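> Turn this into a structure:
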Amino acid sequence: MSLVTQLRAFHLVADAGSFSLAARTAGLSQPTLSAQVRALEASYAVDLFDRRGRGVRMTPTGQSLFALTTRLIAAE
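Below you'll find the predicted structure:
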C-alpha cells in the first residue's frame with residue numbers, strides 16, 4: 001500500500017470524524033480504511049487518532065498532518 005493511499009485514508013477519517021462514516025463516504029470497507037491508517041501510524045511510530053468509542057479525535061500530530069493533507073488534496 002502506498003504512502004499516498006495511506007495519507008488519503010487518514011484525511012478521509014480526519015475529515016469525517018469516524019472510520020465508518022469515512023468508509024461509507026469513500027465507498028471502502030471500514031476494515032480497509034482502518035488498516036491503511038494503522039499502517040501509516042506504524043510506519044512512522046505515531047498515533048494520529050485517539051480512538052474512543054465510535055468516534056475518533058485527532059492527536060496533535062494528527063492535526064498537524066491534517067493541515068498538510070488538506071493542502072496536498074487541494075493541490076491535486
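> How many neighbouring residues does His11 have?
Number of residues near His11 (other C-beta atoms under 10 Å) recorded here: 19. C-beta coordinates here come from the backbone N, C-alpha and C atoms, glycine included.
> no no, Leu65
Neighbour number of Leu65 under other C-beta under 10 Å is 20.
> quick one: contacts for it?
Counting by C-beta atoms under 8 Å, 6 or more residues apart in numbering, Leu65 makes contact with Leu7, Phe10, Ala14, Leu48.
> which of those residues lies closest to Ala75?
Of all these, Leu7 has the smallest distance to Ala75: 12.5 Å, by C-beta to C-beta.
> residues in contact with the closest one?
By C-beta under 8 Å, 6+ apart, Leu7 lies in contact with Leu40, Leu65, Thr69, Leu72.
> before we move on, which element is it in?
helix 3-16 (DSSP states H and E).
> ok, back up a step: so can I have a markdown table of the contacts of Leu65 showing distance to Pro60 and pLDDT?
Output for these, formatted as a markdown table (distance: C-beta to C-beta, whole Å; pLDDT from 0 to 100):
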| residue | distance to Pro60 | pLDDT |
| --- | --- | --- |
| Leu7 | 18 | 96 |
| Phe10 | 14 | 97 |
| Ala14 | 13 | 96 |
| Leu48 | 10 | 98 |
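> Format these as a markdown table; extra columns: distance to Ser34.
What follows is the contacts of Leu65, written out as a markdown table (distance: C-beta to C-beta, whole Å):
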| residue | distance to Ser34 |
| --- | --- |
| Leu7 | 15 |
| Phe10 | 11 |
| Ala14 | 13 |
| Leu48 | 12 |
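> Contact partners for the spatially most central residue of the chain?
By C-alpha atoms, centre = their mean, the chain has its centre lying nearest to Phe10, at 1.5 Å. Residues near Phe10 by C-beta under 8 Å, 6+ apart: Gln36, Val37, Leu40, Leu48, Gly62, Leu65, Phe66, Thr69.
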